[in-house]
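Participant: sequence? don't have it. structure:
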């Protein structure tokens, strides 16, 4: 039952991600893409339901769907893109099947404004060769003659001078690596110069209500982690307070993580919501928290800073709470049931960082024949570390996906994301607790929304910080080598 519930949650998350990301770039039905993405999880789940969890899934049922489904997904997305291109060409060139009263193509500017647009591109900054008119966009192709940051700033100011805030100026690299500009209507404006009436972005009372509900649900789960059974709770309801340490520690970690994103976004004047928690009355008591950015990200520098601010802020809160919780945990004998998902007999050897922190905190009491009965605060700190690692995965719209996008560009980030998926699948063969991660990453689309200026590269300091973030991910996920385990007597 619990496994089916997880499958339902994964299906809902993947459908939401597809609906919000791929529906704008392809005409292939979302349900069909979702079915292809979910096929491996459905195949594996069917095997487990028929044969039971005691039998391992055959390697061919793991490898073949993982190799076939990405190719089929890519083919269906490209097929839908061809339909969009064909429709665009029909709108621009006119339809041969309807010769009477052909409809004019949808253009964001008229012929009189075209000259003004050309004046926005000085030859010494960006030598404009031609304009390509698309539905709701003008593609401006030419040759860049200065550094990308200065070129984008100058052309954006020129467009604002001629057209006000009617358009957004997007600067991207083509498939051949040549930078081009795209002029698209500003979604915050309607026809003419009439501003769009905006809904309130920050809803503090709604955010506060979600926090309070999440405190309640995580307190229930925390009391179960602390050993409070339903029978005890019925006889003494005040025992529910035993779950508060877990609840407050977990909410602090998640809240600081999302606050890092929120404050960085506000620094760059990006319109964003407050952090919203997702309460659930089972599992961990929450599915985490999130913010929604309602305005475009200006450049790759802002994309990097906003993305890395969350994991770094969350890590600052996670490590002290984890060390405190480990210091108040107890040592238990190692057993066959010990592992990364057993909080009563926890074995940290799957993670280099967890092994080192456990040995640092518990000292000689923790050795090769022992495991750890985690204190509820240690459970929250451990989950905070897992959340940090998962968000740092360089895939799609996760924080790590944004980071590698900002460092290496959009096309390279998609290749890195696919490589990370394969590595996680291989790693799950060594540690079965990571199989769920591999499934979730496989359901996460690789594409990421570009910044307005997606050409200007990062400085050396941010590149170095990004490499440190990737290194942090590796020491959390990779198991401790045997040499280190022997040296630590673990």
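Facilitator: Now that the structure is in, tell me what you want to look at. In this text the structure is predicted, and so the values were computed from the model without any measurement.
Participant: how about the strands in the stretch 351-490 of the chain?
Facilitator: 370-373 (DSSP state E, counting those that start in this stretch).
Participant: where along it do the helices fall?
Facilitator: Ranges of helices in the stretch 351-490 of the chain, per DSSP state H, counting those that start in this stretch, are 352-362, 376-391, 399-408, 410-430, 435-443, 460-477, 482-488.
Participant: tell me how far the first one lies from the chain's centre.
Facilitator: Its chain's C-alpha centre and that of helix 352-362 lie 28 Å apart, by Cα atoms, centre = their mean, to the nearest Å.
Participant: please shift the residue numbers so they start at 293 in all later answers.
Facilitator: Sure, I'll start numbering at 293, so the last one becomes helix 644-654.
Participant: helices or strands next to that helix in the packing?
Facilitator: Contacts defined by 3 or more Cβ pairs under 8 Å, 6 or more residues apart in numbering; DSSP states H and E place helix 644-654 against helix 592-619, helix 668-683, helix 752-769, helix 774-780. For every residue, glycine as well, the C-beta is placed using N, CA and C.
Participant: so which of the helices of the stretch 643-782 of the chain is nearest residue 419?
Facilitator: Among the helices of the stretch 643-782 of the chain, helix 702-722 comes nearest to residue 419, with 24.1 Å by Cβ to Cβ.
Participant: quick one: buried residues of that closest one?
Facilitator: 702, 705-706, 708-709, 712-713, 716-717, 719-720 (16 or more other Cβ atoms under 10 Å).
Participant: and if you look at stretch 415-429?
Facilitator: Buried residues in stretch 415-429, counted by 16+ other Cβ under 10 Å: 417-418, 420, 423, 425-426, 429.
Participant: sitting in strands, which of these do you find?
Facilitator: Secondary structure defined by DSSP state E assigns 418, 420, 423, 425-426, 429 of those to strands.
Participant: domain map for the protein?
Facilitator: 294-383, 403-477, 496-780 (automatic domain parsing).
Participant: okay, the ones you listed, which one's buried deepest?
Facilitator: domain 496-780 (a mean of 19; mean count of other Cβ atoms under 10 Å).
Participant: reformat the helices and strands packed on helix 644-654 as JSON lines; add distance to residue 743 and mean pLDDT.
Facilitator: Compiled in JSON lines, the helices and strands packed on helix 644-654 are given as follows (distance: least, Cβ to Cβ, whole Å; pLDDT from 0 to 100):
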{"stretch": "helix 592-619", "distance to residue 743": "5", "mean pLDDT": "95"}
{"stretch": "helix 668-683", "distance to residue 743": "19", "mean pLDDT": "93"}
{"stretch": "helix 752-769", "distance to residue 743": "14", "mean pLDDT": "93"}
{"stretch": "helix 774-780", "distance to residue 743": "40", "mean pLDDT": "81"}
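Participant: low pLDDT regions in the stretch 343-492 of the chain?
Facilitator: Along the stretch 343-492 of the chain, the model assigns pLDDT under 70 to residues 344-349, 351-355, 358-359, 366, 373-399, 481-492.
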